[in-house]
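In: Just to be clear, the model below is a prediction. Sequence and coordinates:
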Amino acid sequence: MQLKLVPGNSAGTVTTFYMKSPGSTWDEIDFEFLGNLSGDPYILHTNVFSQGKGNREQQFYLWFDPTADFHTYSILWNPQRIIFSVDGTPIREFKNMESKGVTFPKSQPMRLYSSLWNADDWATRGGLVKTDWSQAPFTASYRNFNADGCVWSNGASSCTSTSPSLASGKNGWFSQELDSTAQQKLQWVQNNYMIYNYCTDFKRFPQGLPAECNTS
């Protein structure tokens with residue numbers, strides 16, 4: 001999806017582009033853009049839920065002004081990993097670590113959603129900066145949505161791991177992973193633009209970090 005975010009004073013607003021399944025044990029993959037005062041950077045907030053459990057936030061600044069023009073935000077979701085990318089540059093990878101007892105979104109179909117909502121109880125500086133309604137209307141722009149995926153119908157997926165077409169061609173995403181160049185780009189973003197990572201928040205997890213944070 002290409003997005004152009006709310007310009008000017010967008011404090012308190014959240015623009016979203018995300019995938020979610022229904023029910024109380026839902027799966028979800030989130031792009032959320034936390035508005036800010038004019039001149040301050042937007043925060044890109046990402047999260048992954050599986051079977052109703054989230055608390056896997058990573059946050060980033062962007063290396064451009066996301067209100068000045070459209071930029072492409074994409075989600076690669078296959079049985080092995082979830083990759084968040086901005087203009088083709090990977091910013092986050094969440095791997096399938098079911099072998100460590102970590103649930104992974106792979107058995108529930110998800111729909112795509114987008115929204116622009118008031119979240120001034122937490123969005124900007126933890127809720128310290130409220131929405132200035134004199135700046136309304138707040139407008140975010142979406143265009144050029146494109147999807148390639150498995151279709152869920154009558155309780156079954158159009159894709160199976162044994163489908164030969166998934167291994168190559170236009171369905172190559174089903175087994176796609178980050179090559180060495182993409183790994184370097186991911187490291188560049190995380191070294192220079194990541195501002196929060198739940199996997200380094202020891203205060204939040206005094207009993208020990210979540211299992212997926214231990215990659216060794």
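Out: Okay, I see it.
In: the bottom helix or strand of this protein by mean pLDDT?
Out: strand 156-157 (a mean of 84; mean pLDDT, DSSP states H and E).
In: What segments of this protein are strands?
Out: 2-4, 13-20, 28-34, 43-49, 58-60, 71-77, 81-86, 89-95, 111-118, 141-143, 152-153, 156-157, 194-197 (DSSP state E).
In: and Trp188, which of these is closest to it?
Out: strand 89-95 (8.1 Å; CB to CB). Quick note: C-beta positions are derived from backbone N, CA and C, even for glycine.
In: Only alpha carbons, please: show the closest one as CSV.
Out: Backbone C-alpha positions of strand 89-95 (Å, rounded to 0.1, in the frame of the first residue of the first chain) are rendered in CSV as follows:
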residue,chain,number,x,y,z
THR,A,89,13.7,-1.8,2.5
PRO,A,90,13.1,-4.4,5.2
ILE,A,91,12.8,-2.8,8.7
ARG,A,92,11.6,-5.8,10.7
GLU,A,93,11.6,-9.6,10.5
PHE,A,94,9.5,-11.8,12.8
LYS,A,95,10.5,-15.4,12.3
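In: Show me the shaky parts of the chain.
Out: Residues of the chain that meet the criterion pLDDT under 70 lie in 160-171, 215-216.
In: in its sheet, what does the least confident helix or strand of the chain sit against?
Out: Using DSSP bridges, the strands paired with strand 156-157 in its sheet are strand 152-153 (antiparallel).
In: hmm, back to that, adding mean neighbour count and distance to Val102, write the strands of the chain out as TSV.
Out: Shown next, in TSV, are those (neighbours: other CB atoms under 10 Å; distance: least, CB to CB, whole Å):
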stretch	mean neighbour count	distance to Val102
strand 2-4	19	30
strand 13-20	21	19
strand 28-34	21	15
strand 43-49	21	10
strand 58-60	20	16
strand 71-77	18	16
strand 81-86	21	12
strand 89-95	19	9
strand 111-118	13	24
strand 141-143	12	32
strand 152-153	12	23
strand 156-157	12	22
strand 194-197	14	16
